[in-house]
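Colleague: Structural data only, the sequence is not supplied:
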């Protein structure tokens, strides 16, 4: 079992940057694909980015490609999402999640709010 806690959200102006962190408990974190999702008010949750278990493979939603970078440090049981050139439409609650097959995500954090002002 994996427990996830996100941090690093906040209020930033358009064009600014934030780095989200995801702290994982449990010794099996390195086995899991890790991903970030987000949910804006009144909208469905959407995929943002994912990284495979050893960090060698990443995949991004078109909306964030070139601006966001996902990474992980298995030795520290940590995952990250570096967000640059933020836009107001990036405003959402951001969640990290883990999966054994990159299809069904079994463990989720509580989310961290990111607000981008114009």
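Modeller: Yes, it's here. What you see is a predicted model, and the numbers here were worked out from it, not measured in a lab. Residues are numbered from 1 along each chain as shown.

Colleague: The residue nearest the centre of the chain: what's its closest spatial neighbour, skipping adjacent residues?
Modeller: The residue lying closest to the centre of the chain (C-alpha atoms, centre = their mean) is residue 36, at 2.8 Å. Leaving aside its sequence neighbours, residue 36 sits nearest to residue 48 (C-beta to C-beta, 6 or more residues apart in numbering; 4.3 Å). Placement of C-beta: from N, CA and C, glycine included.

Colleague: pretty sure the residue nearest to the centre of the chain contacts residue 93?
Modeller: No - look at residue 36 against residue 93 with C-beta atoms under 8 Å: they stay out of range, at 11.1 Å.

Colleague: can you count the residues close to the residue nearest to residue 36?
Modeller: When neighbours are defined as other C-beta atoms under 10 Å, residue 48 has 23 of them.

Colleague: Now find how far off-centre the host helix or strand of it is within its chain.
Modeller: Secondary structure from DSSP states H and E places residue 48 in strand 46-51. Its chain's C-alpha centre and that of strand 46-51 lie 7 Å apart, by C-alpha atoms, centre = their mean, to the nearest Å.

Colleague: Partner strands of it, with direction?
Modeller: Strand 46-51 sits in its sheet next to strand 33-39 (antiparallel), strand 58-60 (antiparallel), going by DSSP bridges.
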